[in-house]
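> Have a look at this prediction, sequence included:
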Amino acid sequence: VILQMSEISHFEQGNKRHVLTPGEILLLDCGQPFNVTSMKGCEYLMLLCHGLGSRVGTVTEPHLNSRNGLVRMLQHMISDTYHQFPLMNATTASLLGQSITSLLQNTLENQRQQTHLERDFHFFKKSRIRSFIEQNLTDRELTIERIAEALECSVRTLHRAFKDETTSGLNEYIWQRRLARCAEELRKPENLPRSITDIAYAWGFSSSSHFSKAFRALYGMPPRLFRESAAAGKPH
């Protein structure tokens, strides 16, 4: 456990690099080599905490920021113990060492729970956006701005939620969902009397040429051939 006391230090272990400023804490595996580059006059405290190797190995972010309440408490406990250590007997020093280790474990557990909560919230947010889009695919006026207004969030939030969904983002996702619904309609025998243009328009397209081009790009064949293949029982 490294606690930066003053100035700035640069730590490197494996392919990871960290810059520590005063009050910040870094967890390093002392069983592996690491490099330290420090500014003149800098000071940091290093504590060896036995038995934390397996826990530290699962930490997603070994750089602990003092803006977190538990990290700030840990920072003060380490610093105070260091400065008062000459006045302690062996029993007190041992108990304080155990307390520091326990608080560190609590901090790491808190960090893991926070990460899970953030992931769960991200999943909930994306599910809510998907649900709204699915319910409004037939609306030709469905835009990212309208979705943001309806869900009371920013356009930037929508783009961030879907940045890993497709290569082109949320707009591309909306068109892909519309194309998927059109494909479902084209597969249904009861829809044979309906024109392809009518189906496309019903799912938010306003141009038959745009629909045909987009459909061919996604499914590898024009919508008419797709419908004929489905009617003949050929898999797509």
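Here it is on my side, so go on.

> CA atoms for contacts and neighbours, from now on please.
Noted.

> Where do the strands of this structure begin and end?
2-6, 9-13, 16-20, 25-26, 35-38, 43-46, 63-64 (DSSP state E).

> Quick one: closest of these to Met88.
Each of the strands of the chain was scored for nearness to Met88 using CA to CA, and the closest is strand 43-46 (18.2 Å).

> Neighbouring strands of that closest one in the sheet, and parallel or not?
Sheet partners assigned to strand 43-46 using DSSP bridges are listed as strand 2-6 (antiparallel).

> roughly how far is the strand it pairs with from the heart of the chain?
29 Å (CA atoms, centre = their mean, to the nearest Å).

> So what touches that strand?
Applying CA atoms under 8 Å, 6 or more residues apart in numbering, the external contacts of strand 2-6 come out as 20-28, 41-47, 75.

> Please apply the same query to stretch 182-196.
Residues contacting stretch 182-196 (CA under 8 Å, 6+ apart): Ile199, Ala200, Trp203, Pro223, Arg224, Phe226, Arg227, Ala230, Ala231.

> thinking again about what came up before, for Leu218, which of the strands of the chain is the nearest?
Across these, closest to Leu218 is strand 16-20 (CA to CA), at 40.0 Å.

> I figured Pro22 was touching Ile8, is that so?
Yes - taking contacts as CA atoms under 8 Å, Pro22 lies within contact range of Ile8: 7.0 Å.

> picking that back up, okay, and which of the contacts of stretch 182-196 map to helices?
In helices, judged by DSSP state H, the following of the contacts of stretch 182-196 are found: Ile199, Ala200, Pro223, Arg224, Phe226, Arg227, Ala230, Ala231.

> before we move on, back to that, what subset of the contacts of strand 2-6 is buried?
Burial by neighbour count, judged by 16 or more other CA atoms under 10 Å, picks out Leu20, Thr21, Pro22, Gly23, Glu24, Ile25, Leu26, Leu27, Leu28, Tyr44, Gln75 from the contacts of strand 2-6.
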